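S.K.: dropping a prediction and its sequence here:
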Amino acid sequence: MTTNSTMQLSTKDRHEILGNVLKSLQTRFYSPEKLNADWQAAVERHWPLIEGAATADAFEQAMSDLLAELHTSHLGFFHRSARRASSRAALSATYLADDTPYGKRWIFQDVHAGGAASIARISPGDILLSVDGRDVSPPEHPVFSMGKQTSLEIVGNDEQRRTVSVDVARPRGKKLQFIQPTLVDARLIDDGLGYLKVTMFPGMVGVKVANAISSEVEKLGAIARLIIDLRGNTGGGIGALRVMSLLTPERTPVGFALDRRRITKSLNSEKLGYPRFSHIPSSTKALWLLALQFAPVMLAKKPIVLQTEGLGEKPFHGMIVLLVDRHTASAAEMIVAFARENKLATIIGEKTAGRLLSATSMKVGKGFRLALPTGAYYTWKGAVLEGTPIEPDEMIEFDWQNQRLGNDRQLDHAISYIHGTTVTNHG
């Protein structure tokens with residue numbers, strides 16, 4: 001169940017909630033041109049199913065089916081009592097669909113250390129068969145309940161079926177909190193070659209993750225080459241700016257978000273006057289200063305340009321590889337786009353997700369909320385990433401059969417590539 005199974009919704013309730021959703025889309029949705037005749041036709045098709053839904057769960061599903069017609073990320077409909085999540089949030093893991101000896105199945109791709117899947121000893125390449133005894137196969141995505149153990153049947157590299165139990169969240173006070181993976185990990189691959197893995201960028205400003213990134217890079221010492229692994233990183237907040245600041249010594253503009261009211265033809269001239277954010281403080285105690293500085297700008301809904309922090313020259317500049325895959329999204333894609341536009345790194349792996357919008361959620365009645373994108377992110381050169389995955393410089397697909405043998409082809413290729421390149425000036 002996704003909502004409170006005892007909730008009763010009258011026909012009037014369903015009608016009013018649908019009306020509130022449609023009104024919110026008309027006034028706040030980032031791309032009003034998508035609310036065209038095709039969208040109106042979709043509303044007409046789904047209307048009887050929505051208003052005739054027999055249960056609150058059926059209503060939620062019918063509303064979600066309608067919103068799916070817009071083919072937009074960061075768009076969803078849920079009840080405040082929802083206690084379930086996707087594998088990305090619940091397990092700190094991602095998966096892809098492929099043919100297996102067990103039919104079309106979900107196969108784990110990224111399994112972040114310290115997350116629920118990793119704790120349960122799930123590995124990249126493991127095949128998912130069932131969730132809580134129920135067979136799950138594409139295109140149906142598995143969801144996981146919070147507050148209780150979930151039983152998964154998987155097939156590992158030994159081709160033996162096994163059942164594992166995962167806890168997707170732990171109590172924190174009166175609330176439940178997802179088991180957070182190791183945010184940042186770094187190690188020396190060999191003399192002079194460092195490896196930095198960042199799994200996500202939690203927090204609006206990201207003080208914690210930014211400090212961890214700087215600390216781990218410092219521990220690597222005077223490395224001459226650096227691989228930054230963003231595979232499976234589904235984004236987050238401004239903490240991503242610290243990674244971008246590692247790519248270049250200078251203060252370089254990155255990009256900004258515009259809501260639907262500010263997208264104009266004079267974008268290139270207007271952006272020069274936007275205020276700039278170019279420093280993540282080292283302590284959360286300094287956040288009140290940021291609030292004082294940027295609150296008036298935010299209240300005026302004026303865009304803020306992200307700009308790198310000017311961390312100075314690093315010995316690895318000009319010898320950086322970004323590892324990405326189909327699950328690299330949102331703030332992590334901002335890093336990839338910044339590197340591409342300024343020729344600061346070589347991108348290796350798969351096409352990124354193409355999901356990058358600014359979003360919010362709002363109440364629409366009876367405990368339901370609508371999550372919707374309200375603005376598009378623009379790179380400094382004017383590119384919009386939503387719906388446009390970033391192509392890598394070197395395409396290396398995830399090979400799950402090889403991964404089951406313990407071979408990471410993407411990382412191996414990155415190591416070979418970076419050792420075979422010569423230092424170039426990307427500044």
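M.R.: Here it is on my side, so go on.
S.K.: where do the helices sit along the stretch 51-200 of the chain?
M.R.: Assigned by DSSP state H, counting those that start in this stretch, the helices in the stretch 51-200 of the chain fall at 56-67, 87-90, 116-119.
S.K.: reformat these as TSV; add mean neighbour count and mean pLDDT.
M.R.: Backbone N, C-alpha and C define where each C-beta goes, glycine included. Shown next, in TSV, are the helices of the stretch 51-200 of the chain (neighbours: other CB atoms under 10 Å; pLDDT from 0 to 100):
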stretch	mean neighbour count	mean pLDDT
helix 56-67	20	94
helix 87-90	22	78
helix 116-119	22	94
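S.K.: out of those, which is closest to Leu18?
M.R.: In terms of CB to CB, the element of those nearest to Leu18 is helix 56-67, at 7.2 Å.
S.K.: which other residues reach stretch 88-95?
M.R.: Applying CB atoms under 8 Å, 6 or more residues apart in numbering, the contact partners of stretch 88-95 are 84, 87, 106-112, 114-118, 122, 128, 143-144, 146, 150, 166, 168-169, 178-181, 199, 232, 234, 327.
S.K.: export it to PDB, keeping only CA atoms.
M.R.: Extracted C-alpha coordinates of stretch 88-95, given in PDB (Å, rounded to 0.1, in the frame of the first residue of the first chain):
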ATOM      1  CA  ARG A  88      18.000   4.700  -5.400                       C
ATOM      2  CA  ALA A  89      16.800   6.200  -2.100                       C
ATOM      3  CA  ALA A  90      16.000   3.100  -0.200                       C
ATOM      4  CA  LEU A  91      18.900   0.900  -1.000                       C
ATOM      5  CA  SER A  92      21.500   3.400  -2.200                       C
ATOM      6  CA  ALA A  93      21.600   1.300  -5.400                       C
ATOM      7  CA  THR A  94      20.600   1.500  -9.000                       C
ATOM      8  CA  TYR A  95      19.700  -1.100 -11.600                       C
END
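S.K.: off-centre distance for that stretch?
M.R.: Mean-position distance between stretch 88-95 and its chain equals 11 Å (CA atoms, centre = their mean, to the nearest Å).
S.K.: report the contact partners of Leu405.
M.R.: Counting by CB under 8 Å, 6+ apart, Leu405 makes contact with Asn157.
S.K.: need phi/psi at the residue most central in space within the chain.
M.R.: Note on the chain: the residue nearest the mean C-alpha position is Thr234, at 2.2 Å, using CA atoms, centre = their mean. As for Thr234, its main-chain torsions (degrees, to the nearest 10) stand at phi -90, psi 10.
S.K.: distance check, it against Val243.
M.R.: 15 Å (CB to CB, to the nearest Å).
S.K.: how about the strands in the stretch 101-250 of the chain?
M.R.: Using DSSP state E, counting those that start in this stretch, the strands assigned to the stretch 101-250 of the chain run over residues 103-111, 127-131, 134-135, 144-145, 149-155, 161-167, 169-172, 175-178, 184-190, 193-198, 225-229.
S.K.: now the angle from the second one to strand 149-155?
M.R.: If I follow you right, that is strand 127-131. Per axes from the mean of the first three to the mean of the last three CA atoms, to 10 degrees, the angle that strand 127-131 makes with strand 149-155 is 140 degrees.
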